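Asker: quick one: sequence plus predicted model below, questions after.
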Amino acid sequence: MAASRWQEVSEEVGRLCDALEKVPEACECGDAESHLEGGCRCCHGHASAGTISPGRPHCGERIEQLRADLALLCEDFKRAAGPFHKEATGEGRGQLRRELLLVAGDLSRMMAALEDLDRAVVGFQRTCSLSDMKGVKRHAAALLVHCRKVDAELARSPFDAAEMEPEE
Ligand SMILES: [Zn+2]
Ligand SMILES: [Zn+2]
């Protein structure tokens with residue numbers, strides 16, 4: 001079976017945040033765009049510049065894509081969680097409701113973190129400053145934390161993330 005949409009989003013968040021974490025903090029050459037990909041002049045020879053990913057779209061485009069995917073995923077989640085919750089009966093129901101609310105909450109925190117990250121990346125692209133890069137790293141870390149929370153919540157919950165599969 002194909003990986004669920006959540007799995008794809010979760011893996012891409014992991015890759016993006018991992019790449020951003022490895023980007024050196026300071027860029028002296030001022031080429032912010034290349035720096036984000038780990039390939040600017042002053043990054044060259046950096047031990048940590050293992051972030052160039054040939055064939056992958058650039059950071060800004062990846063965030064853009066993630067945003068679209070995450071928005072769709074939230075829609076799918078709402079659509080799938082409603083009936084799932086209705087079918088649950090008895091004691092499990094309150095528990096399930098809490099779990100679904102947790103997931104919904106962390107999904108929307110992911111959306112917010114992604115917005116913050118996007119703003120920070122745009123800011124860094126403009127200024128190429130150390131403080132903006134720190135913002136990028138901080139927001140990427142926050143995004144990853146919320147993403148891992150959703151991972152854990154979905155793994156624990158009887159709710160099947162595959163239910164979020166879009167109807168073809
Ligand atoms: Zn540089
Ligand atoms: Zn660089």
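Answerer: Yes, it's here. Ligands and ions are numbered 1, 2, ... in the order given.
Asker: burial measure for residue 106, as a count.
Answerer: By other C-beta atoms under 10 Å, 21 other residues sit near residue 106. Yep, even glycine has a C-beta here, placed from its N, CA and C like the rest.
Asker: could I get the buried residue list for the strand or helix carrying it?
Answerer: Here residue 106 is covered by helix 92-127, with elements defined by DSSP states H and E. Of the residues in helix 92-127, those buried by neighbour count under the rule 16 or more other C-beta atoms under 10 Å are 96, 99-100, 102-104, 106-107, 109-111, 113-114, 116-118, 120-121, 123-125.
Asker: swap in stretch 143-154?
Answerer: Of the residues in stretch 143-154, those buried (16+ other C-beta under 10 Å) are 143, 144, 146, 147, 149, 150, 151, 153, 154.
Asker: skipping adjacent residues, who's closest to residue 31 in space?
Answerer: Of all residues not flanking residue 31 in the chain, residue 40 sits nearest, at 4.2 Å (C-beta to C-beta, 6 or more residues apart in numbering).
Asker: any regions of this protein where pLDDT drops low?
Answerer: Confidence mapping of the chain against pLDDT under 70 gives the ranges 1-3, 44-56, 162-163, 165-168.
Asker: list the contacts for the residue of it most remote from its centre?
Answerer: If you look at how far each residue of the chain sits from its centre, by C-alpha atoms, centre = their mean, the farthest one is residue 90, at 34.9 Å. Residue 90 is in contact with no residue at all, counting by C-beta atoms under 8 Å, 6 or more residues apart in numbering.
Asker: secondary structure element for it?
Answerer: With DSSP H and E as criterion, residue 90 is part of no helix or strand.
Asker: next, work out how far apart it and residue 116 are.
Answerer: Computed with C-beta to C-beta, to the nearest Å, the distance linking residue 90 and residue 116 is 40 Å.
Asker: what's near enough to touch residue 146?
Answerer: Residue 146 sits in contact with 106, 109, 110, 113, where contact means C-beta under 8 Å, 6+ apart.
Asker: and what about it, helix, strand or coil?
Answerer: For residue 146, the reduced secondary structure class is helix; criterion used: DSSP: H, G, I helix; E, B strand; the rest coil.
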